[in-house]
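Q: Task: produce atomic coordinates for the following.
(4 chains)
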Number of protein chains: 2
Amino acid sequence: MERLIRNLKITINPKVYVKDPESSDLGKRLVEQGIALIDQQGFEHFTFKKLGDLVGSNESSVYRYFENKHKFLLYLSCWYWGWMEYRLVLNTLGASDPEDRLNKALEILTQPVELDMAFAHVDEVALNRIMVNEHAKPFLTKAVDRENKEGYFEPYKRLVERFAEMIGEVNGDYPFARSLASTVLEGSLHQHFLENHLPSLTNCKQPGSITHFFRGLVTSVLNSSEYV
Amino acid sequence: MERLIRNLKITINPKVYVKDPESSDLGKRLVEQGIALIDQQGFEHFTFKKLGDLVGSNESSVYRYFENKHKFLLYLSCWYWGWMEYRLVLNTLGASDPEDRLNKALEILTQPVELDMAFAHVDEVALNRIMVNEHAKPFLTKAVDRENKEGYFEPYKRLVERFAEMIGEVNGDYPFARSLASTVLEGSLHQHFLENHLPSLTNCKQPGSITHFFRGLVTSVLNSSEYV
DNA sequence: ATAAAATGATAGTAATACTATTAAATTTGC
DNA sequence: GCAAATTTAATAGTATTACTATCATTTTAT
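A: Numbering: from 1, shown residues only, chains lettered A, B, ... in the order given. Sure, this is the predicted structure:
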């Protein structure tokens, strides 16, 4: 897999950047160091000035790649969900039984990312932490409808769609496959956040228990007739 | 109930404000108009200057009541969850059967707020919209741990705790009552958000279907042995 | 070697998030 | 009803942020 990975590139909607950061060394450093910076200081304290300094360049150079810091976060978010989709597909190809496939999907989508797969210059472990800590910020904005039209949420939508399909293959009569899929994806990030910051709001303290919790939910509702 | 309501006051941790807005006419107008302003323009475009102008006063007056706009949002959030707890308690007192009580709780916590109960100067319908559109912003910040220590999330925690207790009364063996409670609360706001802005990520388009979806989830998992 | 493109450095603007000061109005105590 | 205390209004000012514009320098492509 390692080899495969180095030759692959996550495709990002060109509208989220001014100039493709993948197209230059500076661009790649911006992504790499931007992830490190947001991971350390949080998105609120992240500025293009800091990022410029960090990569040994300056503010104006960063603006040549990204319109503003919100677009930068959108870029990371698109990358993350695109990468999750890739992981989901890769890891469920082998499972021919729908239940096995769904279980595998649940693992991929709810377990914390603990191994940096060194996908190019992206530290996926740090990026996963960013998603846990900032997950709602790409869409909780007044511009969400316009940005949706411009396609910035497509990677996330594709992932939900794929996951919902796997749910449908286990129980085609369940009428809330998409809601369940989006609840699990969002809820998983939220439970990881609670585990770190508001532990009294969760029972998931052991490694793997978030996956356990969501597997219980999904399995129960798909095997039950309670939803009618 | 109307009468009862007018004599009640939601208690807010004094640390979230500089001066209690309930203690003066200006303070009440700040809360009232602040809700209207955030509802219309979104929290990102909300400024104390705009709010000061709107109430016929100015920026510096607002600062005498709230330290900054984040604290203002925390105030609204505390008010909202305090009010939800009040509604939860009031509406579940009558139900002696644990399952009835849990069902009632699910309704209260997942249905959109559609009736302004005219609880003092707070428009609960608008406040509910704000919570749907900004729900994660009070806690998705680098200061979450400090703010947690200062007790700003107590109302939310109390609500989750109460809800988790009701879950425990239906099935005391279920090991994820808190996670389920926090998932339903957060997930409900999220599904309402998706319904409004990213409808392809949800199956909940009819009134009541979000409640229906979560009731299915909760009921299934509590009646199942899948979670073990 | 030259043109074109990318980057670096500097400066500047508008808006925001505050703080400080003082004057005016209102409330309160007596 | 008057003085004192408190609250509010008005103004000014600062630091930071989020940009935009300009131009010099370096790198790259042919």
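Q: and A:Asn103, how many neighbours?
A: When counting by other Cβ atoms under 10 Å in any protein chain shown, one arrives at 19 neighbours for A:Asn103. Quick note: C-beta positions are derived from backbone N, CA and C, even for glycine.
Q: The one 10 residues further on now?
A: Counted with other Cβ under 10 Å, the burial measure for A:Val113 works out to 20 neighbours.
Q: Let me know the secondary structure of A:Ser77.
A: helix (DSSP: H, G, I helix; E, B strand; the rest coil).
Q: so A:Met131 makes contact with A:Leu189?
A: Yes: at 6.0 Å, A:Met131 counts as touching A:Leu189 under the criterion of Cβ atoms under 8 Å.
Q: and chain A, which residues reach DNA strand D?
A: Within chain A, the positions near DNA strand D by Cβ under 7 Å from any atom of the strand are A:His45, A:Thr47, A:Phe48, A:Lys49, A:Glu59, A:Ser60, A:Tyr63, A:Glu67, A:Asn68, A:Lys69, A:His70.
Q: tell me the contacts of the first one?
A: Residues in contact with A:His45 (Cβ atoms under 8 Å, 6 or more residues apart in numbering or on different chains) are B:Lys142.
Q: what's the answer for the fifth one, then?
A: With contact taken as Cβ under 8 Å, 6+ apart, A:Glu59 is in contact with A:Phe48, A:Lys49, A:Gly52.
Q: State the number of residues packed around the residue in chain A positioned nearest to DNA strand D.
A: Residue of chain A nearest DNA strand D, by Cβ to the nearest atom of the strand: A:Asn68 (2.8 Å). A count of nearby residues for A:Asn68, using other Cβ under 10 Å, gives 12.
Q: tell me the SS of the residue in chain A that DNA strand C sits nearest to?
A: Going by Cβ to the nearest atom of the strand, DNA strand C is nearest to A:Ser57 of chain A, at 2.9 Å. Here A:Ser57 is recorded as coil under three-state DSSP.
Q: quick revisit: need the buried ones from the residues of chain A next to DNA strand D selected in ChimeraX.
A: In ChimeraX syntax, the buried subset of the residues of chain A next to DNA strand D is picked out as below (16 or more other Cβ atoms under 10 Å in any protein chain shown):
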select /A:48,69,70
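Q: which among the residues of chain A next to DNA strand D are in contact with DNA strand C?
A: Okay, of the residues of chain A next to DNA strand D touching DNA strand C (Cβ under 7 Å from any atom of the strand), that's A:Glu59, A:Ser60.
Q: if we can go back for a sec, turn the contacts of A:Glu59 into JSON lines, columns for secondary structure.
A: Listed next are the contacts of A:Glu59 as JSON lines, based on three-state DSSP:
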{"residue": "A:Phe48", "secondary structure": "helix"}
{"residue": "A:Lys49", "secondary structure": "helix"}
{"residue": "A:Gly52", "secondary structure": "helix"}
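Q: List the contacts of the residue of chain A closest to DNA strand D.
A: A:Phe48.
Q: do you know how far A:Lys50 is from B:Arg29?
A: Applying Cβ to Cβ, to the nearest Å, the value for A:Lys50 to B:Arg29 is 39 Å.
Q: Tally up the residues packed near A:Arg146, please.
A: Neighbours of A:Arg146 using other Cβ under 10 Å come to 10.
Q: what's the answer for A:His197, then?
A: So A:His197, with other Cβ under 10 Å, has 18 neighbours.
Q: What is the helix or strand containing A:Leu88 packed up against?
A: Secondary structure assigned from DSSP states H and E places A:Leu88 in helix A:69-92. Helix A:69-92 sits against helix A:25-41, helix A:98-110, helix A:124-134, helix A:154-170, with contacts defined as 3 or more Cβ pairs under 8 Å, 6 or more residues apart in numbering or on different chains; DSSP states H and E.
Q: For A:Ala177, find the nearest of these.
A: Nearest of these to A:Ala177, taken as Cβ to Cβ: helix A:154-170 at 4.2 Å.
Q: Could I get the CA-only coordinates of that closest one as CSV?
A: Output of helix A:154-170 as CSV, limited to C-alpha atoms (Å, rounded to 0.1, in the frame of the first residue of the first chain):
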residue,chain,number,x,y,z
GLU,A,154,-18.8,17.2,-2.5
PRO,A,155,-16.1,15.0,-1.0
TYR,A,156,-18.1,14.8,2.3
LYS,A,157,-21.3,14.2,0.4
ARG,A,158,-19.7,11.4,-1.6
LEU,A,159,-18.5,9.7,1.5
VAL,A,160,-21.9,9.9,3.2
GLU,A,161,-23.5,8.6,0.0
ARG,A,162,-21.2,5.7,-0.1
PHE,A,163,-21.6,4.9,3.5
ALA,A,164,-25.4,5.2,3.2
GLU,A,165,-25.3,2.7,0.3
MET,A,166,-23.5,0.2,2.5
ILE,A,167,-26.2,0.7,5.1
GLY,A,168,-28.9,0.1,2.4
GLU,A,169,-27.2,-3.1,1.3
VAL,A,170,-27.6,-4.5,4.8
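Q: Buried residues, it. List them.
A: The neighbour-count check on helix A:154-170 (16+ other Cβ under 10 Å) flags A:154-157, A:159-164, A:166-168, A:170 as buried.
Q: Surely A:Lys28 and A:Pro21 touch.
A: Yes: between A:Lys28 and A:Pro21 a contact is recorded at 6.2 Å, counting by Cβ under 8 Å.
Q: quick one, which of these two is more surrounded?
A: A side-by-side neighbour count of A:Lys28 and A:Pro21, using other Cβ under 10 Å, places A:Pro21 first with 24 against 16.
Q: Could I get the contacting residues of the more buried one?
A: Here A:Pro21 is in contact with A:Gly27, A:Lys28, A:Leu30, A:Val31, A:Tyr65, A:Phe66, A:Tyr75 (criterion: Cβ under 8 Å, 6+ apart).
Q: correct me, but A:Leu30 touches A:Arg64?
A: No: applying Cβ under 8 Å, one finds A:Leu30 not in contact with A:Arg64, separated by 9.7 Å.
Q: what about these two, which has more around it?
A: Taking other Cβ under 10 Å, A:Leu30 and A:Arg64 do not tie; A:Leu30 has more neighbours (28 against 14).
Q: for the more buried one, what are its contacts?
A: Counting by Cβ under 8 Å, 6+ apart, the residues that A:Leu30 touches are A:Pro21, A:Leu51, A:Val55, A:Val62, A:Tyr65, A:Phe66.
Q: farthest pair in the residues you listed?
A: Farthest apart among those by Cβ to Cβ are A:Val55 and A:Phe66. That separation is 12.7 Å.
Q: quick one, which of those two is more surrounded?
A: A:Phe66 (24 against 21).
Q: so what pLDDT did the nearest residue to the more buried one once chain neighbours are set aside get?
A: Ranked by Cβ to Cβ, 6 or more residues apart in numbering or on different chains and with sequence neighbours excluded, the top spatial neighbour of A:Phe66 is A:Phe72, at 4.6 Å. With respect to pLDDT, A:Phe72 scores 98.
Q: again, but for A:Lys9
A: Reported pLDDT for A:Lys9: 82.
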